[in-house]
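**Student:** based on what follows, work out the 3D shape:
(chains A and B)
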Number of protein chains: 2
Amino acid sequence: MTPTTTPTRLQRRYAVIGTGAIGGFYGAKLQQAGFDVHFLLNRDYQWVRDRGLVVESVNGDFTLPEVNAYQQPQKMPKCDVVIVALKTTANHLLPELLPPVVKENGVVVLLQNGLGAEEEVAQIVGSDRVMGGLCFICSNKIGPGHIRHSDYGAIELGDYDESYRARGITDRMQAIAGDFDRAGITILDSEDLLASRWKKLVWNIPFNGLSVILDAKTDALIADRATRSLAEDLMQEVVNGAAAHDRAIAPEFVQEMLDKTVKMKPYLTSMKLDYDRRQPLEIEAIFGNPLKKAAKVGVRLPKIETLYQQLVFLDRRNRR
Amino acid sequence: MTPTTTPTRLQRRYAVIGTGAIGGFYGAKLQQAGFDVHFLLNRDYQWVRDRGLVVESVNGDFTLPEVNAYQQPQKMPKCDVVIVALKTTANHLLPELLPPVVKENGVVVLLQNGLGAEEEVAQIVGSDRVMGGLCFICSNKIGPGHIRHSDYGAIELGDYDESYRARGITDRMQAIAGDFDRAGITILDSEDLLASRWKKLVWNIPFNGLSVILDAKTDALIADRATRSLAEDLMQEVVNGAAAHDRAIAPEFVQEMLDKTVKMKPYLTSMKLDYDRRQPLEIEAIFGNPLKKAAKVGVRLPKIETLYQQLVFLDRRNRR
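**Tutor:** The predicted model follows:
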């Protein structure tokens, strides 16, 4: 993996923890490209073991009649790259799920929303074995082993260092990017994972939160002066939170995100989809952890905190 | 009206502008006690002119088969005391409604929620002809001319002076208190109307706002840690807003309001009732004006502002 190794291509072995809309899609693409992929499943285990995976994609449909499906991580082979594509609300399971699957010099790639999960995983596998990816994709699981990919697909990939120190572009990032490229997936390099995660929150915090609290799609929220202005205030608080961690987000970026939302097709956010399915909301990853991080350096984000408090109430009631 | 006048009782003539749950109840009590009362009505005019008013009250039911009912203020006699019991959302009508009804040395008493309406009325009738009252009452209009009074009933009455300067207890306050006393209504004296209005917002802002936004009753909001803590934060912002206008609210008062809410019967706030009936919400009086007043002296109340922005969106959608 260093510039001095022989140019023989290493065939990395991949694990996918959480074979849903995200993990199922990227894992299937990797297997289709010839990689050795091992899928951990829960509810859909039996179905996928028997019937494989079906991907309907804007870039072309395909079926994998046979996949390596597992219900227990202990039965999986050790892998070079372990993609975690669970909802962050299931991350309390990772201390059990990860150790059996990660090779000694392997790496865990967190394809998850929000902020802070890399730190949790670093506690489990060590801070030199974690990376993070931000998925820019519209993808849904529409049935067991059945993924519908409707738009986009790129992953912004960043390497992790203790306390989210910026790592720049590392060799292992480039190696994984090469694999994904072979599978037809665009990888965008992030030199600073924390900066990328804060930046993604600029959109995710207002629109995930308000779509649930106000039972509204993005078009309604951006069309009304009051909620547009609230979205802008929330975005500004995210910018303040990032700044408190020495991550500058350009002021024009807020305007860009608002303009982008105006032009978007009416969109139900992932948090709203979870809410409507009465599944747990990713409140801690998207709201709680950014608030905690900001508070730690003495910065209050009161409008984000208001949404957080409202969402905790709604989530609890929703799943009672 | 001054201590030097003869002790002959002045029989003040009353007008009630807005004959609903509040105006209908207090007006009927005054008429029942022998006062000359004139009611302005809109939708219920015909019904009340023909059939009078019915009051079901915890303190005893009664019927007034005949009342002085009007549909136009021009037809009403000039009155000494003009009680305004419209929702604040109808206050844009007051420049038309008030001038024909208020005697030259008469006074307007605003029995309304929130903050700021006295200033608007001062612009119409002069700042020396306005008072404000805060109603502590559970009362509902359950049909045309039909009021159900289920609990409490006191009014905290305060005299108004330009820019809400504290006026202390004035002679005309005492005179009106005497009339209400005769009608069986307790009047609590407020020496400082602005202080009283801020103080009432301590409860009204969190619970009116959150009950609509989260579709919840008071018991659910106070039972959940997240919304209880949000309510407390909102209360603290109200205290900050009051402090910015040199009105000190004791810190224990916040705790007292929280404790009181724990002990209350599950309660649908007036704003939630309006919302469920698709009527306009009193957002400006309860949220917008306090925010503007605080902003004017350079104080931000960001959690209250968040609720304001959310409510404006919900109210607009609700009445589309």
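**Student:** I'd like to know how many residues surround A:Gln11.
**Tutor:** 10 (other CB atoms under 10 Å in any protein chain shown). For every residue, glycine as well, the C-beta is placed using N, CA and C.
**Student:** now it, what's its secondary structure?
**Tutor:** Look at A:Gln11: counting by DSSP: H, G, I helix; E, B strand; the rest coil, its state is coil.
**Student:** low pLDDT regions in chain A?
**Tutor:** Residues of chain A that meet the criterion pLDDT under 70 lie in A:1-10.
**Student:** please report the residue range of the longest helix in it.
**Tutor:** Secondary structure of chain A per DSSP state H: the longest helix is helix A:193-213.
**Student:** does any part of that helix sit near chain B?
**Tutor:** Yes. Using CB under 8 Å from any CB of the partner chain, we find that helix A:193-213 touches chain B at A:210, A:213.
**Student:** heading C-terminal from that helix, find the next helix or strand.
**Tutor:** helix A:218-223 (DSSP states H and E).
**Student:** what packs against that next one?
**Tutor:** Using 3 or more CB pairs under 8 Å, 6 or more residues apart in numbering or on different chains; DSSP states H and E, the elements in contact with helix A:218-223 are helix A:193-213, helix A:225-243, helix A:251-263.
**Student:** can you redo the ones you listed as CSV with mean neighbour count?
**Tutor:** As requested, the helices and strands packed on helix A:218-223 are exported to CSV (neighbours: other CB atoms under 10 Å in any protein chain shown):
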stretch, mean neighbour count
helix A:193-213, 24
helix A:225-243, 21
helix A:251-263, 14
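**Student:** what sits against the closest residue in space to A:Tyr164 that isn't next to it in sequence?
**Tutor:** Nearest residue to A:Tyr164, sequence neighbours excluded (CB to CB, 6 or more residues apart in numbering or on different chains): A:Leu194, at 3.8 Å. Shown in contact with A:Leu194 (CB atoms under 8 Å, 6 or more residues apart in numbering or on different chains): A:115, A:164, A:166, A:245, A:247.
**Student:** once you drop chain neighbours, what's closest to the residue sitting nearest the centre point of chain A?
**Tutor:** For chain A, the residue nearest the mean C-alpha position is A:Gln112 (2.2 Å; CA atoms, centre = their mean). With sequence-adjacent residues excluded and distances taken as CB to CB, 6+ apart, A:Gln112 is closest to A:Thr88, at 5.1 Å.
**Student:** residues near the closest residue to A:Cys79 other than its chain neighbours, how many?
**Tutor:** Once flanking residues are discounted, A:Cys79 sits nearest to A:Ala15: 3.9 Å by CB to CB, 6+ apart. As a burial measure, A:Ala15 scores 32 neighbours (other CB under 10 Å).
**Student:** and A:Ala15, which of the three is it?
**Tutor:** For A:Ala15, the assignment made with three-state DSSP gives strand.
**Student:** what do you get for A:His92?
**Tutor:** Put simply, A:His92 is helix when judged by three-state DSSP.
**Student:** show me where chain A has its helices.
**Tutor:** A:23-32, A:45-51, A:94-97, A:117-125, A:171-182, A:193-213, A:218-223, A:225-243, A:251-263, A:270-276, A:283, A:289-296, A:302-318.
**Student:** for B:Pro95, find the nearest of these.
**Tutor:** Evaluated over the helices of chain A, closeness to B:Pro95 peaks at helix A:225-243, with 26.3 Å, by CB to CB.
**Student:** other SSEs contacting the closest one?
**Tutor:** helix A:193-213, helix A:218-223, helix A:251-263, helix A:289-296, helix A:302-318, helix B:302-318.
**Student:** buried set for the shortest one?
**Tutor:** Under the neighbour-count criterion of 16 or more other CB atoms under 10 Å in any protein chain shown, helix A:218-223 has A:218, A:220-222 buried.
**Student:** kindly provide the distance from A:Gly168 to A:Ser190.
**Tutor:** Distance of A:Gly168 to A:Ser190, computed by CB to CB, to the nearest Å: 10 Å.
**Student:** neighbour count: these two, which is higher?
**Tutor:** Each of A:Gly168 and A:Ser190 has its neighbours counted (other CB under 10 Å); A:Ser190 has more, 25 against 12.
**Student:** show the contacting residues for the residue lying closest to the more buried one once chain neighbours are set aside.
**Tutor:** Among residues not flanking A:Ser190 along the chain, A:Gly158 sits closest, at 3.4 Å (CB to CB, 6+ apart). When the contact criterion is CB under 8 Å, 6+ apart, the partners of A:Gly158 are A:131-134, A:167, A:173, A:189-193, A:196.
**Student:** got the domain ranges for chain A?
**Tutor:** A:13-191, A:195-318 (automatic domain parsing).
**Student:** nearest to chain B: which residue in the stretch 1-150 of chain A?
**Tutor:** Closest contact between the stretch 1-150 of chain A and chain B, by CB to the nearest CB, is at A:Thr89 (16.1 Å).
**Student:** and for that residue, nearest residue in space, chain neighbours not counted?
**Tutor:** Counting by CB to CB, 6+ apart, the residue nearest A:Thr89 is A:Pro280, at 4.1 Å.
**Student:** swap in A:Val212?
**Tutor:** Excluding the flanking residues, the one nearest A:Val212 by CB to CB, 6+ apart is A:Tyr275, at 4.8 Å.
**Student:** burial of the one you found, as a residue count?
**Tutor:** 23.
**Student:** surely it and A:Leu281 touch.
**Tutor:** Yes. A:Tyr275 is in contact with A:Leu281 according to CB atoms under 8 Å; the separation is 6.1 Å.
**Student:** which neighbours do those two share?
**Tutor:** Here A:Tyr275 and A:Leu281 have A:212, A:314-315 as joint contacts, going by CB under 8 Å, 6+ apart.
**Student:** of these, closest to A:Arg182?
**Tutor:** A:Val212 (38.0 Å).
**Student:** quick one, what contacts that closest one?
**Tutor:** A:269, A:271-272, A:275, A:281, A:311, A:314.
**Student:** quick one: it and chain B, what's the gap?
**Tutor:** A:Val212 sits 11 Å away from chain B, going by CB to the nearest CB, to the nearest Å.
**Student:** neighbouring contacts of stretch A:165-173?
**Tutor:** With contact meaning CB under 8 Å, 6+ apart, stretch A:165-173 is reached by A:1-3, A:107, A:131, A:157-161, A:189, A:191-195.
**Student:** buried only: go through those for me.
**Tutor:** For the contacts of stretch A:165-173, a burial check counting by 16+ other CB under 10 Å picks out A:107, A:131, A:157-161, A:192-195.
**Student:** so which of the helices and strands packed on helix A:218-223 comes closest to A:Phe287?
**Tutor:** Nearest to A:Phe287 among the helices and strands packed on helix A:218-223 is helix A:193-213 (6.7 Å), distances taken as CB to CB.
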